[in-house]
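>>> sequence unavailable; structure follows:
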Ligand SMILES: C[S@@+](CC[C@H](N)C(=O)[O-])C[C@H]1O[C@@H](n2cnc3c(N)ncnc32)[C@H](O)[C@@H]1O
């Protein structure tokens, strides 16, 4: 039997006070974000719930009910939140990097650490797409980005959403450019920057591929590239994004704006059932292998309190010394 040598890891955030999955099953997950608990659809929870429906209902502040467009392209996940208990429309959760010892966090001023470190304070809200403004499994990517970013690195975050990865790079002292095609999402990311006690991020509302092509023409080079592309999307001028058609072109274009040394790339994929090995091969083919360049890949997963593990996305990462 021929074996290939791949370094595949499974990563989950641990010891996160403001987030946990309590239970999962029957197509739903029961999660706590700070002080509030919600039940929302999770297509990967193919198993049965460990707790009873009555227990779920007793715990949850709100339940998301998918509408008629659920699962249909263009209308994905549109639905409504049924309020079971009083909760605010907007609230905050904090994330403190995995590398920080509890003692290091004792010297807080207004909730924001004075001595730097990876600290995010993210504003959450209930959206009609079942999302709340953060993908908690991404915390492992935030930790990795934080620990591989040096002060003064130029980092570009594409498909950057509400900015978790943007802020992680900023916490490490990078000059960060955040690109997303949706203006409201970029405004949300700006709020997260302010609440996290950070400033001075370059905000761009644009089509990600168009922006990269423009950066190639301008001769701009980045030390860090972060990409978390959806299956389908649109640029602000109607530019069409389709993952299976454009991903490799996007990565090849990105290879033209990454520094030859002291650089990293993080590719995260959560749709089309793509595997970690696929992400790994894509990254290696686009960025090439050379002395001092390391690749790793794996899955980001979350575990509920009954030890049922939900795989939520895959990643491949490149790091050049
Ligand atoms: C699911 S999010 C990525 C999650 C994010 N990286 C995080 O962990 O917080 C995908 C993002 O891609 C954006 N998007 C979709 N099509 C785009 C395009 N053509 N150019 C730029 N951004 C796009 C969406 O607005 C959305 O915010």
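Noted; the coordinates are in hand. Every value quoted in this text rests on a predicted model; they were computed, and no experiment measured them. Residues are numbered from 1 along each chain as shown.

>>> can you give me the buried ones in stretch 205-223?
By neighbour count on 16 or more other CB atoms under 10 Å, the buried set for stretch 205-223 is 205-209, 211-213, 215, 222-223. No exception for glycine: its C-beta is placed from N, CA and C like everyone else's.

>>> equivalent analysis for stretch 125-137, please.
126, 130-137.

>>> what's opposite residue 267 in the beta bridge?
For residue 267, the beta-bridge partners under DSSP bridges are residue 227, residue 316.

>>> excluding chain neighbours, what is closest to residue 17?
Leaving aside its chain neighbours, residue 17 sits nearest to residue 94 (7.5 Å; criterion: CB to CB, 6 or more residues apart in numbering).

>>> secondary structure class for the one you found?
Three-state assignment for residue 94 (DSSP: H, G, I helix; E, B strand; the rest coil): strand.

>>> wasn't residue 141 part of a helix?
Yes: assessed with three-state DSSP, residue 141 lies in a helix.

>>> now do the contacts for it.
Residue 141 makes contacts with 165, 168, 226, 266, 268, 300, 315, as judged by CB atoms under 8 Å, 6 or more residues apart in numbering.

>>> return the set of buried residues in stretch 240-260.
241, 243, 246-247, 250-251, 253-255, 257-258.

>>> those residues in strands, which ones?
Per DSSP state E, strands hold the following members of the buried residues of stretch 240-260: residue 241.

>>> before we move on, the earlier item: ok, which of the buried residues of stretch 125-137 also contact the ligand?
Counting by CB under 6 Å from any ligand atom, residue 135 from these sit close to the ligand.

>>> which of the buried residues of stretch 125-137 fall within helices?
Using DSSP state H, no member of the buried residues of stretch 125-137 sits in helices.

>>> element containing whatever residue of the chain ends up closest to the ligand, please.
Nearest residue of the chain to the ligand: residue 233, at 2.1 Å (CB to the nearest ligand atom). Element membership for residue 233 (DSSP states H and E) is strand 232-234.

>>> now that strand: mean pLDDT?
In this model, strand 232-234 has a mean pLDDT of 96.

>>> what stretches of the stretch 1-150 of the chain score poorly on pLDDT?
Low-confidence segments of the stretch 1-150 of the chain, defined by pLDDT under 70: 69-77, 99-115.

>>> look at residue 169 and tell me its secondary structure.
The three-state label given to residue 169 by three-state DSSP is helix.

>>> please name the nearest non-neighbouring residue to it.
Using CB to CB, 6+ apart and skipping residues adjacent in sequence, the residue nearest residue 169 is residue 155, 4.2 Å away.

>>> now do that neighbour against residue 25, distance only.
Distance, residue 155 to residue 25, by CB to CB, to the nearest Å: 38 Å.

>>> compare these two (neighbour count), which wins?
More crowded of residue 155 and residue 25, by other CB atoms under 10 Å: residue 155, with 27 against 19.

>>> and the helix or strand containing the more buried one, anywhere near the ligand?
Assigned by DSSP H and E, residue 155 belongs to strand 154-158. No: against the ligand, strand 154-158 shows no contacts by CB under 6 Å from any ligand atom, the least distance being 6.6 Å.

>>> dump the residue contacts of the residue nearest to the residue of the chain closest to the ligand when sequence neighbours are not counted.
Taking CB to CB, 6+ apart, and ignoring the residues beside it in sequence, residue 233 has residue 241 as its nearest neighbour in space, at 3.8 Å. For residue 241, the contacting residues are 181, 207-209, 229-230, 232-235, by CB under 8 Å, 6+ apart.

>>> let's see it at 7 Å
Listed by CB atoms under 7 Å, 6 or more residues apart in numbering, the contact set of residue 241 reads 229, 232-235.

>>> top of the residues you listed by number of neighbours, please.
Highest neighbour count within the contacts of residue 241, by other CB under 10 Å: residue 229, with 22 neighbours.

>>> nearest residue to that one in space, please, no chain neighbours.
Among residues not flanking residue 229 along the chain, residue 159 sits closest, at 4.8 Å (CB to CB, 6+ apart).

>>> pLDDT wise, what is that neighbour at?
For residue 159, the model assigns a pLDDT of 98.

>>> how far away is residue 199 from residue 157?
Here residue 199 is placed at a distance of 16 Å from residue 157 (CB to CB).

>>> more crowded one of the two?
Shown here are residue 199 and residue 157; by other CB under 10 Å, residue 157 has more neighbours (32 against 9).

>>> what does the chain put close to the ligand?
Near the ligand, when you scan the chain using CB under 6 Å from any ligand atom, you find 135, 138, 159-162, 164-165, 179-182, 185, 207-208, 228, 230, 233-235, 239, 241.

>>> from residue 297, how far out is the residue of the chain positioned farthest from its centre?
The C-alpha centroid of the chain is most remote from residue 1, which lies 37.0 Å away (CA atoms, centre = their mean). Separation of residue 1 from residue 297 (CB to CB): 21 Å.
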